[in-house]
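Trainee: I'll drop the sequence and a predicted model, then ask my questions.
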Amino acid sequence: MCHDTTGTYKKAPTKAGWPDKGVDLKDVAEKVGHSSRRSCGRCHFNGGGGDAIKHADLAGNLLKPDPNCDIHMGGLDFSCTQCHTTMRHRIAGSSSSVAAVEGVVRCADCHSDRPHLGNSLLDHHLNMHCSTIDCNTCHSPVYAKCSPTKIWWDWSKAGDKNRKPKMIKLGNSKALPDYHVKKGEFKWGRAVKPDYAWFNGKTKRIILGDSVDMRADVIQLTSPVGLRADPSARITPFKIMKGMQAFDARHHTLLIPHLFPRDSKDTTAYWKNYDWDKSFADGMQAAKLPYSGEWQWKETWTYWRVEHEVMPASMALSCVQCHSSLGEEKTCNRCHQDNRHINFKELAHKTTDFTFLKDKRDDVEQLQHSSDYIDFKALGYKGDPIIYGGRFKKLPLGALPQG
Amino acid sequence: MKRQLFRFRAVIMLVVLFLLPSLSMAQNSDTSRTLFSQDLARLRAQEVVPMVDKVKVEGPIRRSQRLHATELSIKDAKTTYFLLDSPIIKAQEDHYAPVRFNHGQHAASSGDCSVCHHLRPVDNSSYSNHPETVRCSACHQQSFHPDYPERLGLKAAYHQNCIPCHKKQNAGPLTCRGCHLNNVPEHKQLVKLPEKPDPLQVTAECLRCHEDDANDLLHTAHWRWRGASLYTQDQSRQVDHGKGTTALNND
């Protein structure tokens, strides 16, 4: 599986890990080699049961990526292990979705903590940003740009055999269904602007058997830990996978359904019998957890950090796209001596060229001209941190906010 | 010397005839490719330049001062990404995949070109974009060169420059494998399997040589589907969370 270079090895879906009968195992063994995007991607591109379903930034397009989709894998032909370094088969990388970890991969491992090369004042400012902003906040300003990802999955709507799926087309992607009788209702997104949150590297997780607060509007199954006041937290982009899932109405635990039929005599599997009650009873018994027989559908969110799909530097967010206050300035004189030799318009007013995305989503114009791109209010500021962040006010620099 | 010059000219001719047209095409179609392309780095890695005959005698401090005075900087580097895969080393041994080298990052973090470009040729002939910063292989080629016995071979030059610095800075790759991905030997002759083997026969055949690796694998998260949850709030000392145990709908 992991060291197959032929691309022919595959598991039989019903054989619990045994290879498919049709695989020429001798040929696979004779051509064994290093892992590759293809071998890792066989599982990791398909999280959630298909291409790019849950991981917004991992999809089959990374086998032969456009450099604009992912500069590392597309422009420089990186394999996964180039960054996810291995040591005695332990593979570095801390995922948002699964707790187990065997090492951490940081952009700074290669790019250092001062990744903006050069000695100019702009490089200095950008490097200062690195202590408070994750690289991908600017360098991957949209997720799922080259393959649509599922952003909404409503299990409560499953089981309607009469409902015909509507086919959704996002830009030039192939049409995708908004419904599957086994799985429920979906929404898809492509070249989506992420949600941003303070993140200090730790994740809060609801784990199997945890009871949750059923009064909450939304149950956050995984969420980033971090606060504006936390010096180790950085503003980080996330895809939030939203959906409806069933909770035990009495025990307040997320219910585990039994989905895939064990055999032809199976009477409890949801994908055969379409009876949630039997499916939950069986699934919870298998998980050795109590099930009261009553359930309630609740909205759930899981946060998926946007880690891959780094775009070429020329497509990073520009200054004015977050700092709307710069749009009103004409020079750098808020903090620096007035120097007319600097082309302030070019430096601060220019917006990112998103024309690459024009066949990928319909409202690229809006994205291109948005100010306050990362939504400072949601991150705990009154507005643009240049005005309201507080650091500049501590020094006798610049104009104070009006009022 | 003449033979080397001839070889250099031949390489230049090849570049002019075949590569330049494709370069300009790449430039037209996609600017990011021109800057970063793996293909360009691959082509560059195959070049062999004529050996520098005489180097300028200059102490390291004097050289560092002089280079600073020229205001030579990262902005002068035309290419920031190289693959190190020289035919000079490959003529002797070929065990590893090309080494990826982020020249821009190294130049920026050292801030002093003379740290690596420790000497320069006496004359200004066109060894590189800038005669102060010729490539390593302009002076370091085959080891124990009869005409230049004082010079390290290219492989030793790389190692003696890279390894002590990475150790001292405690930065970048610190192990052999951190830079060098080994070539996998052809397994066609090594693997002994009957036609249509069953899966367990294949596993046993892999283990015949790779038992240690297999034992390593048994302790990993990919095999056990659980592991240390260092970065999960309030669970940082647990070692049993994962898809195999407690994860909820997390693929």
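Mentor: Yep, it's here. Numbering: from 1, shown residues only, chains lettered A, B, ... in the order given.

Trainee: A:Leu227 looks like it's in a strand, true?
Mentor: No. Counting by DSSP: H, G, I helix; E, B strand; the rest coil, A:Leu227 falls outside a strand, being coil.

Trainee: neighbours around it, how many?
Mentor: Number of residues near A:Leu227 (other Cβ atoms under 10 Å in any protein chain shown) recorded here: 12. Where C-beta positions appear, they are placed from N, C-alpha and C, glycine not excepted.

Trainee: list the contacts for it?
Mentor: A:Trp198, A:Ala233, A:Gly380 (Cβ atoms under 8 Å, 6 or more residues apart in numbering or on different chains).

Trainee: From those residues, which shows the smallest pLDDT?
Mentor: Lowest in pLDDT among those is A:Gly380, which has 92.

Trainee: any idea how far that residue lies from chain B?
Mentor: A:Gly380 sits 19 Å away from chain B, taking Cβ to the nearest Cβ, to the nearest Å as the criterion.

Trainee: Can you lay out the contacts of A:Leu227 as JSON lines showing distance to A:Gly93, neighbour count and secondary structure?
Mentor: Listed next are the contacts of A:Leu227 as JSON lines, based on distance: Cβ to Cβ, whole Å; neighbours: other Cβ atoms under 10 Å in any protein chain shown; DSSP: H, G, I helix; E, B strand; the rest coil:
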{"residue": "A:Trp198", "distance to A:Gly93": "21", "neighbour count": "20", "secondary structure": "strand"}
{"residue": "A:Ala233", "distance to A:Gly93": "20", "neighbour count": "20", "secondary structure": "coil"}
{"residue": "A:Gly380", "distance to A:Gly93": "29", "neighbour count": "12", "secondary structure": "coil"}
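
Trainee: Surely A:Gln245 is within a strand?
Mentor: Yes. The assignment for A:Gln245 (three-state DSSP) places it in a strand.

Trainee: Identify the bridge partners of it.
Mentor: Beta bridges link A:Gln245 to A:Lys298, judged by DSSP bridges.

Trainee: need the contact list for it.
Mentor: A:Trp155, A:Ile219, A:Leu254, A:Leu255, A:Trp297, A:Lys298, A:Thr300, B:Asn249.

Trainee: A:Leu208 too?
Mentor: A:Leu254, A:Ile256, A:Ala287, A:Leu289, B:Thr245, B:Thr246, B:Ala247, B:Leu248 are the contacts of A:Leu208 under Cβ under 8 Å, 6+ apart.

Trainee: To which secondary structure element type does it belong?
Mentor: coil.

Trainee: And the pLDDT at it?
Mentor: pLDDT, read off for A:Leu208, is 91.

Trainee: Then the one 5 residues further on?
Mentor: Here the pLDDT value assigned to A:Asp213 is 96.

Trainee: If you tally nearby residues, what's the number for it?
Mentor: Counted with other Cβ under 10 Å, A:Asp213 comes out at 7.

Trainee: Helix or strand: which one has the residue lying closest to A:Leu117 once chain neighbours are set aside?
Mentor: Spatial nearest neighbour of A:Leu117, chain neighbours left out: B:Ala108 (3.9 Å); criterion: Cβ to Cβ, 6 or more residues apart in numbering or on different chains. For B:Ala108, the enclosing helix or strand under DSSP states H and E is helix B:103-110.

Trainee: B:Gln92 now?
Mentor: Counting by DSSP H and E, B:Gln92 is part of no helix or strand.

Trainee: Correct me if wrong: it contacts B:Gln141.
Mentor: No. Under the criterion of Cβ atoms under 8 Å, B:Gln92 is not in contact with B:Gln141, lying 10.8 Å apart.

Trainee: Compare neighbour counts for the two and give me the winner.
Mentor: Applying other Cβ under 10 Å to B:Gln92 and B:Gln141 shows that B:Gln141 carries more neighbours, namely 24 against 11.

Trainee: where does that one fall, helix, sheet strand or coil?
Mentor: Applying three-state DSSP: B:Gln141 is coil.

Trainee: For it, give me its contacts.
Mentor: With Cβ under 8 Å, 6+ apart, B:Gln141 has these contacts: B:Val48, B:Met51, B:Ile88, B:Gly153, B:Leu154.

Trainee: Disregarding residues adjacent in the polypeptide, which is nearest to it?
Mentor: Nearest one to B:Gln141, counting by Cβ to Cβ, 6+ apart, is B:Ile88 at 5.0 Å.

Trainee: returning to what we had before: how about the helix holding B:Ala108 as CSV, C-alpha atoms only?
Mentor: Once non-C-alpha atoms are left out, helix B:103-110 reads as follows in CSV (Å, rounded to 0.1, in the frame of the first residue of the first chain):
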residue,chain,number,x,y,z
HIS,B,103,19.7,29.0,-1.8
GLY,B,104,17.6,32.1,-1.0
GLN,B,105,16.8,31.0,2.5
HIS,B,106,20.5,30.2,3.2
ALA,B,107,21.6,33.5,1.8
ALA,B,108,19.1,35.5,3.8
SER,B,109,19.7,33.7,7.1
SER,B,110,23.5,33.9,6.9
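
Trainee: List the buried residues of it.
Mentor: B:Gly104, B:Gln105, B:His106, B:Ala107, B:Ala108, B:Ser109 (16 or more other Cβ atoms under 10 Å in any protein chain shown).

Trainee: And stretch B:231-250, by the same measure?
Mentor: Going by 16+ other Cβ under 10 Å, stretch B:231-250 has these buried residues: B:231-232, B:235, B:238, B:241-243, B:245-250.

Trainee: again with stretch A:189-202
Mentor: Using 16+ other Cβ under 10 Å as the burial criterion, the residues of stretch A:189-202 that qualify are A:189-202.
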